[in-house]
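Enquirer: Got a predicted structure here, sequence first:
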Amino acid sequence: MKVRTDLALEERESFDGSGVEIHGVEVEESCDEERDVRLTRVKIVSERGAREMGKSRGTYLTLEAPGLASPDEDYHREVSEMIADLLRELTGTAESVLVAGLGNRDVTPDALGPQAVSNLMITRHLIREYGREMMGMDGCCVVSGIVPGVMAQTGMETSEILQGIIEETRPDLLIVIDALAARSTRRLGRTVQITDTGIQPGSGVGNHRGSLTKESLGIPVIAIGVPTVVEAAAIVYDAQGNCEKMPPHLNGMFVTPKNIDEMIKQLSFTLSEALNMVFSETKKA
C-alpha cells in the first residue's frame, strides 16, 4: 500500500535507508537555525529521475517551518519574506501574472487557494483603467486573480477555465495555489512547496484532474502548495513504520488538524503577503 503525497521531498525520503542514489535527482539542503527553518531543493533533471520519483522534471523548493503552526505574526512575516525570495528565483521578469486559487472554498482543508487569492493585491483593472503613473504603480507587475472552483461546482475542468482566461488576458505567468496531501503528519500546515513544474489538481487525494503545466497552457506555471491533509494510513505508518500492516479500509480516508480553520486563515495571509511582496512592493522600487 502506497501512501499518497504531493511533496517531492517526501518522495525523495522514501528512498532513504536503501542506499540507492536516484539517477537524475539532485538534492541540496540548508538550515536557518535562528529562524528554525529548513530549505530543501530537489531538482529532477532527467526522465529516469522523473520516473523514479513519480514527479515531473523541474525544481521543487520545500520550506519546512514548524513555527507556521503558531499564530506568531512576526514569524509568519519572516516566512513570507523567505517565500518571496524563492518565488523571485522562479518567476523571472514577468510583467503580468495570473494567480489561480485552486480548491473548494466550502471545504476548509481545500480552501487555501481561494482564501489566498482573496487577500491578494489585484492591479490589472486599476492599471488598465487609470494607467500605471496615475496609480503610482510604475514598474509594478500586472496582477489578476481567479478562483475557478471545482468540477462539482462548475461542470468544467480547471484547466479548461484557465485556458480560456489565459487566451483572453494573455498573462506572462500563471501561479496556482493549492492545498496538498502529505505523507507525514508533522508537515501539515508547516511546509510550503514551490515548483516550476505546474500541478495536477487533486492528485494527492486520488482525484486526478487535467494538468496545469506550460505544455498544456502555453505559459510558465508555478505551483505553491501547503499540505493540509494526510491519509489515515499515513498516521498508521508514522506509528509503526510498516505499510504491510495497514488496514485496507484506511486507504482513501483523509485526516486534517482540528484547528484547520485558523490554520488556513493564517497560511492564506502568509502566501498572499509573499506574492504581494514579489509583484507589488518590490516592483515599485
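Expert: Cool, the structure landed. Numbering: from 1, shown residues only.

Enquirer: which ones are touching Met53?
Expert: 8, 11-12, 22, 25, 44 (Cβ atoms under 8 Å, 6 or more residues apart in numbering). From N, CA and C alone the C-beta is placed, and that goes for glycine too.

Enquirer: Among the residues you listed, which lie within helices?
Expert: 8, 11-12 (DSSP state H).

Enquirer: What about those residues, which one has the most neighbours?
Expert: Among the ones in helices among the contacts of Met53, Ala8 has the most neighbours (other Cβ atoms under 10 Å), with 27 neighbours.

Enquirer: And the strands in the protein?
Expert: 25-32, 37-44, 58-64, 96-101, 142-146, 173-182, 191-195, 221-231, 254-255 (DSSP state E).

Enquirer: Save those as JSON lines, and put in mean pLDDT, distance to Gln266 and mean neighbour count too.
Expert: As requested, the strands of the chain are exported to JSON lines (pLDDT from 0 to 100; distance: least, Cβ to Cβ, whole Å; neighbours: other Cβ atoms under 10 Å):
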{"stretch": "strand 25-32", "mean pLDDT": "90", "distance to Gln266": "20", "mean neighbour count": "13"}
{"stretch": "strand 37-44", "mean pLDDT": "92", "distance to Gln266": "16", "mean neighbour count": "20"}
{"stretch": "strand 58-64", "mean pLDDT": "94", "distance to Gln266": "15", "mean neighbour count": "21"}
{"stretch": "strand 96-101", "mean pLDDT": "96", "distance to Gln266": "16", "mean neighbour count": "24"}
{"stretch": "strand 142-146", "mean pLDDT": "95", "distance to Gln266": "20", "mean neighbour count": "22"}
{"stretch": "strand 173-182", "mean pLDDT": "95", "distance to Gln266": "14", "mean neighbour count": "26"}
{"stretch": "strand 191-195", "mean pLDDT": "96", "distance to Gln266": "12", "mean neighbour count": "24"}
{"stretch": "strand 221-231", "mean pLDDT": "94", "distance to Gln266": "10", "mean neighbour count": "26"}
{"stretch": "strand 254-255", "mean pLDDT": "88", "distance to Gln266": "20", "mean neighbour count": "17"}
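
Enquirer: Redo the ones you listed as CSV? Include distance to Arg124.
Expert: Output for these, formatted as CSV (distance: least, Cβ to Cβ, whole Å):
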stretch, distance to Arg124
strand 25-32, 35
strand 37-44, 32
strand 58-64, 27
strand 96-101, 7
strand 142-146, 4
strand 173-182, 13
strand 191-195, 23
strand 221-231, 18
strand 254-255, 36
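
Enquirer: Of these, which is nearest Leu267?
Expert: Leu267 sits nearest to strand 221-231 of all these, at 5.4 Å, using Cβ to Cβ.

Enquirer: Pairing partners for the closest one, with directions?
Expert: Its sheet considered, strand 221-231 pairs with strand 173-182 (parallel), strand 191-195 (antiparallel), strand 254-255 (antiparallel) by DSSP bridges.

Enquirer: would you turn these into CSV with distance to Gln163?
Expert: Converted to CSV, the strands paired with strand 221-231 look like this (distance: least, Cβ to Cβ, whole Å):
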stretch, distance to Gln163
strand 173-182, 10
strand 191-195, 20
strand 254-255, 29
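
Enquirer: With Lys55 as the reference, name the closest of those.
Expert: Of all the strands paired with strand 221-231, strand 191-195 comes closest under Cβ to Cβ, at 8.5 Å.

Enquirer: Can I get the closest one in PDB, CA atoms only?
Expert: Presented in PDB, the C-alpha positions along strand 191-195 are these (Å, rounded to 0.1, in the frame of the first residue of the first chain):
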ATOM      1  CA  THR A 191       5.600  23.100   5.000                       C
ATOM      2  CA  VAL A 192       5.500  25.100   1.800                       C
ATOM      3  CA  GLN A 193       6.400  23.600  -1.600                       C
ATOM      4  CA  ILE A 194       7.100  25.800  -4.600                       C
ATOM      5  CA  THR A 195       7.700  24.200  -8.000                       C
END
